[in-house]
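Engineer: coords please:
(one chain, ligands or ions: 2)
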Amino acid sequence: MAKIGVLGAGTWGMALARMLSNSGHEVTVWSALPQEVDELSTTRRQKNLPGMVIPDAIKFTKNVEEACENKDIILFAVPSVFVRSTAKTAAPFIPDGQIIVDVAKGIEPDTLLTLTEVIADELKKDGKHDNVHYVALSGPTHAEEVAKDLPTTIVSACEDKEIAEKVQDVFMNQNMRVYTNSDRLGVELCGALKNIIALASGICSGLGYGDNMRAALIIRGMAEIKRLGLKMGGKEASFDGLAGMGDLIVTATSKESRNNNAGYLIGQGKSAEEAKKEVGMVVEGINAIPAALELAKKYDVEMPIVFAVDAVVNHGADARKTIISLMNREKKSEMVI
Ligand SMILES: NC(=O)c1ccc[n+]([C@@H]2O[C@H](COP(=O)([O-])OP(=O)(O)OC[C@H]3O[C@@H](n4cnc5c(N)ncnc54)[C@H](O)[C@@H]3O)[C@@H](O)[C@H]2O)c1
Ligand SMILES: O=P(O)(O)OC[C@H](O)CO
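Structural biologist: Ligands and ions are numbered 1, 2, ... in the order given. You can find the predicted model right below:
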């Protein structure tokens, strides 16, 4: 049995908290929102997972120290925009040597750091966190399915094999199969960038395009994720694996996907703001666009789908005309990465 502190009580944090508690682990959940702690601890329901009952064994707290002290694992499960502030709040209570697992997916726009790098960047500021272990836990994992104990796979990514395996052991159960991976950077890039391609997939559905277009976006979307990721030092196996192609497939095709659904609404003519509001949970693909554009420039790689999504989502470009111009770019060979 492990002691686990979960920081963040949104859809994914609570689906994982329930799963871990049902596996016999001792789980304490902290939220930055005091009202949310009151609501969850009394109703034992998460508003976006209405069918899921929160086990009585899960403890909720408004005190971040309680969620961080004496824990085998501290799980960061807040949306990407809150990862740095959460790390700052928790830092004084995180001991050196701690295992930190991040499940949020994104890239910080100002620093271009992945999210475990953001946590590390924040923790190292006090000079007391030189030996913290960082793990990215990522894959094709919609909370709505995990909350129903449907079979799911995920990747525990850490350059330290022993740490990746410790996390594998804690999260693995009969419904959750965990693979290890030593390429934390590649796994995190996949998780952040696939959300932008999923927006494109949703936009195309909203326009009335079909499965042919969706398949094209998945394959050519991964081509551009890989083009950037390999240049940044990610490993091919990650892009071809569960956290790469696996997660892109699920996000670009699932009705549960926040990104796919937001894209659909945008394709139907809603603004990005209207789409985010209607989805009611974080749409990380929209948050990831600025960093993806910067990285494409910095590493001098072509990312035509990402640029097309930016034009539609952030600059009011007509979605149909944008897709037509994507289709009518100069001719290419598939053999060139
Ligand atoms: N939902 C999924 O299926 C899923 C699966 C895998 C990964 N993820 C990733 O996990 C992350 C969280 O996703 P989610 O679906 O749980 O999002 P969500 O929109 O459900 O999360 C909202 C939660 O964020 C927290 N929060 C709100 N304001 C905050 C603040 N100021 N400071 C700190 N925390 C605050 C609260 O606990 C709130 O409930 C995202 O990066 C997402 O990409 C989600
Ligand atoms: O619902 P989405 O689009 O935010 O995707 C959630 C997860 O990343 C799926 O693995």
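Engineer: neighbours of residue 116, just the number please.
Structural biologist: Using other C-beta atoms under 10 Å, residue 116 has 26 other residues around it. Backbone N, C-alpha and C define where each C-beta goes, glycine included.
Engineer: List the residues that contact the residue in the stretch 1-150 of the chain that ligand 1 sits nearest to.
Structural biologist: Nearest to ligand 1 in the stretch 1-150 of the chain, going by C-beta to the nearest ligand atom, is residue 10, at a distance of 2.2 Å. Residues in contact with residue 10 (C-beta atoms under 8 Å, 6 or more residues apart in numbering) are 46, 48, 77, 78, 79, 281, 282.
Engineer: From these, list just the buried residues.
Structural biologist: 46, 48, 77, 78, 79, 281, 282 (16 or more other C-beta atoms under 10 Å).
Engineer: helix/strand/coil for the residue most central in space within the chain?
Structural biologist: The centroid of the chain falls nearest to residue 105 when counting by C-alpha atoms, centre = their mean (2.5 Å). What DSSP: H, G, I helix; E, B strand; the rest coil gives for residue 105 is coil.
Engineer: and the nearest residue to it once chain neighbours are set aside, what element?
Structural biologist: If you skip the residues right next to it in sequence, residue 105 has residue 191 as its closest partner in space, 3.7 Å away by C-beta to C-beta, 6 or more residues apart in numbering. Using DSSP states H and E, residue 191 sits within helix 184-206.
Engineer: For the next helix or strand after that helix, the averaged confidence score.
Structural biologist: Downstream of helix 184-206, the next assigned helix or strand under DSSP H and E is helix 211-232. The average of the pLDDT scores along helix 211-232 is 98.
Engineer: got it, and stretch 324-337?
Structural biologist: The model assigns stretch 324-337 a mean pLDDT of 94.
Engineer: Need the residues that contact that stretch.
Structural biologist: With C-beta under 8 Å, 6+ apart, stretch 324-337 has contacts from 223, 226, 227, 230, 304, 305, 308.
Engineer: with these in mind, which one is nearest to residue 152?
Structural biologist: Here the nearest of the contacts of stretch 324-337 to residue 152, counting by C-beta to C-beta, is residue 226; it sits at 23.8 Å.
Engineer: Could I get the average pLDDT for stretch 62-77?
Structural biologist: The average pLDDT for stretch 62-77 rounds to 98.
Engineer: what does this protein have sitting close to ligand 2?
Structural biologist: Within reach of ligand 2 by C-beta under 6 Å from any ligand atom, the chain has these residues: 105, 140-142, 195, 198, 247, 250-251, 257-260, 284.
Engineer: Quick one: low-confidence residue ranges for the stretch 51-200 of the chain.
Structural biologist: Judged against pLDDT under 70, the stretch 51-200 of the chain has no low-scoring part.
Engineer: Please enumerate the strands of it.
Structural biologist: If DSSP state E, counting those that start in this stretch is used as the criterion, the strands of the stretch 51-200 of the chain fall at 59-61, 73-76, 99-102, 133-138, 152-157, 176-181.
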